[in-house]
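Sequence plus the predicted model coming up.
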Amino acid sequence: MITLDLQVFAVTPNYTSGGTYLNGFTNPDGTPNADLSPEMKTYYSDYLIDMAGPKLVHDQFADKYPIPANKGKVIEFRKYEPLEDLEGPIQEGITPTGNKLTVKPYKASVEQYGDYIQLTDMLQLSAIDNNVVQATKLLGAQAGKTLDSITRDELNNGRNVWRPNGKTTRASLAGTDKLTVDLVFRVAAALKMQNAEPIDDAFVAIVHPYVAYDLMKDERWIDVHMYGNQDNIYDGELGKIAGVRFVESSQAKVFEQAAGTAPDKLDVYSTLIFGAHAYAITEITGGGLQHIVKQLGYGNDPLNQRSSCGWKATRAVKRLVEQYLIRIESCTGYALTKDEEIKGNQDE
């Protein structure tokens, strides 16, 4: 167990002539301020972002745009159109016509999300653990999963959908329609034909752990720890195959009981494979994600019984180039019943 002494950030309390100690953070008129010092704000905000970061698997590969202040709720993402190929050489002594940049705007509405935990004075007096730190840890994980889900759902609305074995609908998939290495090769080739750029050195896939099970059994699979260069490993990266680096996430989209017929319906799993600049998000740090801590006595609390810890974030996501993003829908050879998923081998 690690004990954190957060009082190292505190300001020395003031002693008034009336013989009472005030909180170190006081207003100019001497009344207690129900806010934190800048040092404490920075500490908790960094901690929240550190907790949220690993959950943001789908955000790793997006083009990121800062959230503009005082510009309304609509953010404009921009995509530069590629230049046309030259049809022939330039003529000697004659200046060619030249070219120009063409920018295509994509607009998205910025929405706000947030939650908080209320703490009581008795909880803080009686509990051993530092409740603000514990609450921040939980809220950070919640914020990361929430924001990641928003990005995931936008990407899974993409129009390019592939399915194994020539299946044309989600409902027609069967248990044998699993993601295969051959299908990954074909999708990678399709992205190359669309002139999609790799991210670093390869295309990237976001895959559910159950679907990863199907691929990792192939002898051509290369585990991440076998890479010759261990630099720039993505959060959640498992390994690579067919020129695609796979990042695992339990947040990968699952279309529950979308395939087959009752009572034997099957879940369908989404695997996203994409290149660079396929989508964009609002930037999280610097205004996108805020941590808010209120001390005892904030708001309508005459007896200093309540404090709170929370998060608030603004978010916008937009697919920029549809042809750079392909969704594979498949079933999986690794499947647990809902009862097994919940209970596993736990003792009663």
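Done, it's in. Numbers count the residues shown, from 1 in each chain.

What about Gln60, how many residues nearby?
Counted with other C-beta atoms under 10 Å, the neighbours of Gln60 add up to 17. All C-beta spots, glycine's among them, are computed from the backbone N, C-alpha and C.

tell me the contacts of it?
Going by C-beta atoms under 8 Å, 6 or more residues apart in numbering, Gln60 touches 234-235, 247.

With Gly260 instead?
171, 173-174, 266.

go with 10 Å
By C-beta atoms under 10 Å, 6 or more residues apart in numbering, Gly260 lies in contact with 171-175, 266-268, 331.

Please report the distance of it from Gly243.
As judged by C-beta to C-beta, to the nearest Å, Gly260 and Gly243 stand 32 Å apart.

which of the contacts of Gln60 are buried?
Neighbour-count burial (16 or more other C-beta atoms under 10 Å) is assigned, among the contacts of Gln60, to 234, 247.

Reformat the contacts of Gln60 into JSON lines and put distance to Thr180, pLDDT and secondary structure next to each item.
As requested, the contacts of Gln60 are exported to JSON lines (distance: C-beta to C-beta, whole Å; pLDDT from 0 to 100; DSSP: H, G, I helix; E, B strand; the rest coil):
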{"residue": "Tyr234", "distance to Thr180": "23", "pLDDT": "92", "secondary structure": "coil"}
{"residue": "Asp235", "distance to Thr180": "26", "pLDDT": "89", "secondary structure": "coil"}
{"residue": "Val247", "distance to Thr180": "19", "pLDDT": "96", "secondary structure": "strand"}
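
now, which of the contacts of Gln60 sits nearest Arg319?
Within those, proximity to Arg319 (C-beta to C-beta) peaks at Val247, which comes in at 18.2 Å.

hang on, isn't the closest one packed against Val57?
Yes - between Val247 and Val57 a contact is recorded at 6.0 Å, counting by C-beta atoms under 10 Å.

what is in contact with the two at once?
206, 234-237.

Show me which of the residues you listed is closest to Gly72.
Nearest to Gly72 among these, with distances taken as C-beta to C-beta, is Ile206, at 31.4 Å.

so is the closest one in a helix, a strand, or just coil?
Put simply, Ile206 is strand when judged by DSSP: H, G, I helix; E, B strand; the rest coil.
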